[in-house]
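Asker: below is the sequence, then the predicted model.
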Amino acid sequence: MGSAYRQDRQDTVQRVKEAADIVEVIGEHVSLKRAGVNLKGLCPFHSEKTPSFTVRADRQTYHCFGCGEGGDVFSFMMQYHRMAFAEALKELARRYNVPLPEEVGTREELAKARQREALYAANDKAAALYHDQLLHGREAEGARRYLAERGIPAEYISRFRLGYAPEQWDFLAKALTREKIAPAIATEAGLLVAKDNGGHYDRFRQRVLFPIISLTGRVVGFGGRILGEGAPKYLNSPESPIFDKGRTLFGLYQNREAIRHSRKCLVVEGNFDLLSLVVHGIENVVAPLGTALTAPHVRTMRGYCDEAYLLFDGDSAGLKAAMRAVPLFLGEQLAAKVVVLPEKHDPDTFIRAHGKDGLLALLNEAKSLPEFVFDALARQHGLGVEGKSRIVSELRAITTAISDRDLQRTLFAGHFAKKLGLPPDVLLGGDTTPKAAPAPIAKPTGQPRNLTPNEEKLFGFLLVHPECIADFLAAGLEESVSSDLGQEILQALKATPANAAGPERILDLIHGPGKSSLSRLLVTTPVYADEVKNEAAQEMVAWLKKNSLKLRKERLLRDISAAHQSQDEALWVRLVAQKKELDEAIGG
C-alpha cells in the first residue's frame, strides 16, 4: 500500500483517538477514582485488591502497575472486548461520530473484522426477525400468552428485545436467504445447523428467545426457552468468534448502570429469573449463560460492583455451586454473599409470590459465601470426628483451587481450621511451605529489553516535550541509549513530528512489550512548568554531553589497549593524545 494510504490511515486513527474519551470508555467497565492528575481503579485484566490500574486523561493513556497492561483507547477496546484493531476503530468511530473511509486496517485486520461484522449482522437481523415474530406473528400467540402469564409486560419485551422462533424448521433459514446472509455465516453464528446430506435447518424452534447482547450493544447469541414439550428445556447458542460463554453475562448490558449505582450485583441462574427480578424493580442482576460462573465472569462484575449476591436453591446442587464459586471470588477478591431461597422456590417464583420487599429482606440475611459453605457442610456432615474428616476433605478442594493466591489461601485455611479446632496445615494438605517459583523465562542475549533508569528519565521528558529532541540528539542522545527498547522508542520519537497532537501518539509506533513501558512513562511523567522545563532540559543536555564524552573515553581506552597489544606505537601515541584532550574536556 502506498504512502498516501498509510498517511490517510494514520490521520483517521488520530481523529478517532482525539474524539474518543478514554476515561468514559474505560469508566464504563472500571470504577475510577481521582488520584491527583490520574484516575485509579481495580485492573480489569488481573486480580488485585489495591487499585493499581491508572488512567491519565490528558495523555489518553492507561497503565496497570500490577500486571503491566497499558496503552491507549484502542488497546483497551481490543484487550477488554477481544476485538481486532479495525473493529475497535470502527466501534469508537461510530460511538463518537467520526466518519471513516471504507477500509482502514491491514489486510488481516480487515478480514477478521469483516468476518466478525458478518456474524454480528446475522445475529442482529435474526434478533429483529424473532422480535417482530413475537410481536405480530400468528404462530406466536401462545408465546405472547405465556409471557403474559409469567408477568412480563410489553415494555420489558421491548427492552430485552425478546423474540419467538416458530415451530417450522426453515423460518430463519429462508428469511436470512432473502436478506442475502449466507448460510455459512448463519451456521458459524449458531443460528442454523448444517444437515449431513446438505442444506441447513433452524437451531431454535418453538422457543421464546432472549438475545444475548455484548457490552458494545451487539447481539452475540441467543438463549431459548421451549414452549410445550421437548428437550432441552433451555438452549443457548454455541460459542463463536463473537460469543464466549465464559466471559459473557446475560443482562449486564441492560443492567450495568443499576449495578454500578448500587455497587451490588445479584447473580441468578436463569434468564427468566433475571427478567422477573427486573420487572419487579430489582435491576442490578446478571445471569451466566448455561455455564457455571468463571473467573472472567467475576472479574467483569468486579468492574461494576463491590459485592455480589448469589441466589441459590437450598439443595445439594446449590451447595455444590457455592463451593465452586468460593475460589473464584476469593481469587478475584470480590466479596460475595449467598441468598438461600425457601424450598420449592427459584428467584422468579419467589419474587412473584413475595415481591421486591420480600427479596430485599432475604438479601439482608445473606451470609458470606465462605461462611455459607462451611455452615452447610457442618449441617450435612456434623462436627464429630468423622464429620470433620469429611469437611476437611471438601474444604481442601477449595484451598487447592485458590492455591495460586497464597495470602487468600492461608487466610481461608486459618479461619476455618480454627472453627474445626485443627491446625491450618490440615486444610492446606499438610504443606505450608511456599510453592517454588516457576523457572524464569530465559531472556534473549544481547541488549537489555527494559529501559535503564537514565533512559526512563530522558524519554519520559521527551514524550511530554518532544520539541526538545533536536537538542538532545545534538548532545549525544543516540549513543547514550543502550537498550533495544530505548532504541525502538528513540526511532519512534524521531519519526513523530514535534507538533504531533499529543505525547500518546507515539504509542501507535511501539508494539509488543514496549507498549507497556511507554504507557507507564506517559502515566507517571509530570508536566513541567516552562521555567522548570527549560532548567530540566538544560540539565539533561549537560548530562548527555558529559556522558557522550565518557563513552568516547571508554572506546578510546579500548582502542589504546588494542594498539598497545599490537605494538602499533604511532597509533598508541595518537590515541593517548586524544584521551588527554577528552580528559580536559570532561574535567572542564
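Answerer: Arrived safely.

Asker: which element follows the longest helix along the chain toward the C-terminus?
Answerer: Using DSSP state H to define each element, the chain has its longest helix at helix 530-565. Sequence-wise, the next helix or strand downstream of helix 530-565 (DSSP states H and E) is helix 569-587.

Asker: report the angle between that next one and helix 530-565.
Answerer: Interaxial angle, helix 569-587 versus helix 530-565 (axes from the mean of the first three to the mean of the last three CA atoms, to 10 degrees): 160 degrees.

Asker: helix 569-587 - contacts with which helices or strands?
Answerer: Under the contact criterion of 3 or more CB pairs under 8 Å, 6 or more residues apart in numbering; DSSP states H and E, helix 569-587 touches helix 530-565. Yep, even glycine has a C-beta here, placed from its N, CA and C like the rest.

Asker: for the helix it packs on, packing partners?
Answerer: So helix 530-565, by 3+ CB pairs under 8 Å, 6+ apart, packs with helix 453-464, helix 469-474, helix 477-480, helix 569-587.

Asker: single out the most deeply packed of the ones you listed.
Answerer: helix 453-464 (a mean of 20; mean count of other CB atoms under 10 Å).

Asker: relative to helix 530-565, how tilted is it?
Answerer: Going by the same axes, to 10 degrees, helix 453-464 makes 140 degrees with helix 530-565.

Asker: quick one: helix 453-464 to chain centroid distance?
Answerer: 29 Å (CA atoms, centre = their mean, to the nearest Å).

Asker: export it to CSV, keeping only CA atoms.
Answerer: Output of helix 453-464 as CSV, limited to C-alpha atoms (Å, rounded to 0.1, in the frame of the first residue of the first chain):
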residue,chain,number,x,y,z
PRO,A,453,16.9,4.5,34.8
ASN,A,454,18.6,7.3,32.8
GLU,A,455,16.7,6.3,29.6
GLU,A,456,13.4,6.4,31.6
LYS,A,457,14.2,9.9,32.7
LEU,A,458,15.2,11.1,29.3
PHE,A,459,12.3,9.5,27.4
GLY,A,460,9.8,10.5,30.0
PHE,A,461,10.8,14.1,29.5
LEU,A,462,10.8,13.8,25.7
LEU,A,463,7.4,12.2,25.5
VAL,A,464,5.9,15.2,27.1
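
Asker: how's the chain carved up into domains?
Answerer: 3-105, 109-236, 252-374, 382-426, 453-587 (automatic domain parsing).

Asker: quick one, which of the ones you listed gets closest to Phe243.
Answerer: With CB to CB as the measure, domain 109-236 is the member of these nearest Phe243 (4.2 Å).

Asker: picking that back up, turn the domains of the chain into TSV, columns for mean pLDDT and distance to Lys245.
Answerer: As requested, the domains of the chain are arranged in TSV below (pLDDT from 0 to 100; distance: least, CB to CB, whole Å):
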stretch	mean pLDDT	distance to Lys245
domain 3-105	84	13
domain 109-236	93	7
domain 252-374	89	5
domain 382-426	81	20
domain 453-587	78	30
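
Asker: using a markdown table, lay out these together with distance to Gly246.
Answerer: Below are the domains of the chain laid out as a markdown table (distance: least, CB to CB, whole Å):
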| stretch | distance to Gly246 |
| --- | --- |
| domain 3-105 | 12 |
| domain 109-236 | 12 |
| domain 252-374 | 4 |
| domain 382-426 | 16 |
| domain 453-587 | 25 |
